[in-house]
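J.: Here's a sequence, model it:
(one chain, ligands or ions: 2)
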Amino acid sequence: MKQGKLLYAGKAKSVFHTDKKDTLIVEFRDDITAFDGGKKDTLKNKGSYNAGVSAFFFEHLEKHGVKTHFLEMLDNRRMAVRRLEMIPLEVIVRNVAAGSIVRNYPFKEGTKLDPPVIVIDFKDDTRHDPMLNDDLIVALKLATPAELKAMKKAALGINRLLSALLAKQGILLVDFKIEFGRQGKTIRLGDEISMDSMRLWDKKTKESLDKDVYRFNKGDVMATYNRVAGRITNAASLPAGTKKKPAAPKKGAASKRPAVAKPKAKK
Ligand code: ADP
Ligand code: MG
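T.: Ligands and ions are numbered 1, 2, ... in the order given. Model prediction:
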């Protein structure tokens with residue numbers, strides 16, 4: 001497959017055309033941002049960890065009947081995907097209260113949310129991704145009631161599958177954000193599911209294993225991503241086409257990586 005022109009460069013990934021009309025390439029860059037782009041850095045190898053974990057999850061979900069955009073990994077950071085007409089919604093599933101839900105509502109951090117809470121934000125950086133409700137989504141023609149129902153059902157199914165998978169590795173899936181798109185009449189899961197888009201806590205220690213380490217300067221981001229990617233993919237079962245293990249948890253590997261404890265702000 002030949003990579004063509006750049007279609008879109010987002011905050012952390014670039015999307016390219018290919019010689020096939022319905023296929024795109026998503027490149028996971030090493031850029032990381034938080035707080036609406038207010039905090040920005042480039043962290044070596046970050047893209048490959050997120051690509052590897054995303055591919056691993058997409059394959060797992062497909063195996064269990066979830067329709068995703070994933071086709072194959074082309075190298076450590078480039079993924080061939082089905083071209084979707086993206087729906088500008090951020091579908092967030094929360095199992096435990098943390099992050100914005102604690103800042104904005106009287107939830108105590110760490111409270112279990114059972115049944116899980118789905119929150120849908122408008123993917124619009126200029127408006128700071130405001131929360132929507134079903135009526136607003138339909139009134140804004142972002143999705144039909146049937147599409148909305150399908151996305152919520154898929155989101156809960158994905159939550160069950162990923163929670164169970166992560167639990168086996170001693171990881172609690174606190175919350176995650178997903179994006180869907182249309183391929184004709186079919187709604188598919190698009191974008192990524194990675195340490196940038198999930199909130200993960202170690203079950204025993206409650207230590208953050210995700211982008212919160214970066215957001216709140218909780219430690220060495222890349223050492224965390226390396227370790228957690230290894231735990232999630234279990235090292236042995238990497239997606240086809242991933243030549244180099246993105247995160248084999250070798251002894252001392254984290255300490256040999258470039259120091260990123262004090263990331264240099266780009267701006
Ligand atoms: P953003 O800053 O907009 O979140 P990202 O850095 O996450 O951008 O880059 C990925 C972009 O590509 C997102 O806008 C996402 O909606 C879009 N995208 C993801 N998967 C697909 C797909 N299968 N087809 C078309 N666009 C996609
Ligand atoms: Mg994004």
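
J.: what helix or strand does I137 sit in?
T.: Using DSSP states H and E, I137 falls within helix 134-139.

J.: any idea how far that helix is from the chain center?
T.: Put simply, helix 134-139 sits 25 Å off its chain's centre (CA atoms, centre = their mean, to the nearest Å).

J.: which of the residues in that helix are buried?
T.: I137 (16 or more other CB atoms under 10 Å). For every residue, glycine as well, the C-beta is placed using N, CA and C.

J.: and G230, what are its phi and psi?
T.: The phi/psi pair for G230 (degrees, to the nearest 10) reads phi -60, psi -40.

J.: Burial check on it, number of neighbours?
T.: Burial measure for G230: 22 neighbouring residues, criterion other CB atoms under 10 Å.

J.: pLDDT score assigned to it?
T.: Note on G230: pLDDT of 96.

J.: what's the distance between it and ligand 1?
T.: From G230 over to ligand 1 the distance is 23 Å, taken as CB to the nearest ligand atom, to the nearest Å.

J.: And for R82?
T.: 6 Å.

J.: what sits against that residue?
T.: Residues near R82 by CB atoms under 8 Å, 6 or more residues apart in numbering: D22, T23, L24, H69, F70, L71, Q183, R188.

J.: rewinding a little: using CSV, list the CA coordinates for the helix holding I137.
T.: Presented in CSV, the C-alpha positions along helix 134-139 are these (Å, rounded to 0.1, in the frame of the first residue of the first chain):
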residue,chain,number,x,y,z
ASP,A,134,-29.2,13.4,23.2
ASP,A,135,-31.5,16.2,22.2
LEU,A,136,-28.6,18.5,21.3
ILE,A,137,-26.8,15.8,19.4
VAL,A,138,-30.0,15.2,17.3
ALA,A,139,-30.8,19.0,17.0
